[in-house]
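In: quick one, fold the following:
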Amino acid sequence: MLAKPSQGGGPVASRTQIVCLCEGKRGSSIDEVFINRLIRTLNPKWIRQSGSNFIRMVPCGNRADVIAKSTSELELCLNAGGDTTLMVSADCDDDCADGNALRQRFWVEAEKRGITRTDFDRIVFLFAKDRIENWIEFLTAGETDESKEGKRVKDNSEAAIAARKLASLCLNGNPVETMPPSLQWSCRNWRKLVERMT
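Out: Sure thing, here's the model as predicted:
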């Protein structure tokens with residue numbers, strides 16, 4: 001049995017089946033709250049509900065830290081066997097045109113570490129344009145402009161409500177074309193995982 005991870009990461013816990021890296025500091029990242037609630041509400045069919053720790057959130061600081069940590073976390077997931085899935089959440093910001101451009105940056109780092117393309121393609125990427133707050137704004141108000149940073153969300157309950165709404169849209173099979181571009185891209189990544197696992 002693998003050891004339970006410490007706050008800073010480490011081996012994947014025996015019951016952990018989804019590991020999610022995200023930007024921000026532990027306990028103060030709205031990304032952590034949103035993604036955690038999203039996955040728990042989606043409640044993937046292939047997850048064995050054997051405890052509350054089936055998902056492990058790993059806030060990493062800035063985007064460069066997320067990229068640097070992604071390869072070691074992928075290796076841990078692969079070594080854990082079974083269907084342990086690595087998810088990565090980050091922001092494209094001004095220096096990446098879209099999710100594909102940012103995904104390529106992760107691949108460059110993974111390739112340096114000897115990760116195969118097949119294993120790399122198992123990662124589920126969720127990339128907001130500038131802030132995940134734009135997603136929350138869209139889910140709350142029905143529209144957002146991703147060319148501008150969304151208003152900071154400080155209320156965890158607001159993020160959780162928006163995440164549950166997104167999960168509902170996903171579970172109902174709603175089309176993604178009306179969503180902001182980065183959310184469309186990310187939802188398609190999630191749906192590819194679902195198709196592979198079911």
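In: my guess is residue 83 meets residue 197, correct?
Out: Yes: in terms of CB atoms under 8 Å, residue 83 counts as a neighbour of residue 197; the distance is 6.6 Å. In this view, the C-beta of every residue, glycine as well, is placed from N, C-alpha and C.
In: distance from the longest strand along the chain to the middle of the chain?
Out: When the chain is parsed with DSSP state E, its longest strand is strand 85-91. Strand 85-91 has its C-alpha centroid displaced from the chain centroid by 3 Å (CA atoms, centre = their mean, to the nearest Å).
In: ditto for stretch 102-111
Out: For stretch 102-111 - counting by CA atoms, centre = their mean - the centre lies 16 Å from the chain centre.
In: ok, residue 83 and residue 197, which is more surrounded?
Out: A side-by-side neighbour count of residue 83 and residue 197, using other CB atoms under 10 Å, places residue 83 first with 15 against 12.
In: so what's the more buried one up against?
Out: Under the criterion of CB atoms under 8 Å, 6 or more residues apart in numbering, the neighbours of residue 83 are 17, 46, 197.
In: relative to residue 19, how far out is it?
Out: Using CB to CB, to the nearest Å, one gets 12 Å for the distance from residue 83 to residue 19.
In: how about the helices in this protein?
Out: When secondary structure is read from DSSP state H, the chain shows helices at 30-42, 63-80, 99-112, 117-120, 133-141, 156-171, 181-197.
In: as a markdown table, these with mean pLDDT and distance to residue 90 would be great.
Out: What follows is the helices of the chain, written out as a markdown table (pLDDT from 0 to 100; distance: least, CB to CB, whole Å):
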| stretch | mean pLDDT | distance to residue 90 |
| --- | --- | --- |
| helix 30-42 | 93 | 9 |
| helix 63-80 | 93 | 5 |
| helix 99-112 | 97 | 7 |
| helix 117-120 | 94 | 15 |
| helix 133-141 | 97 | 13 |
| helix 156-171 | 96 | 17 |
| helix 181-197 | 92 | 11 |
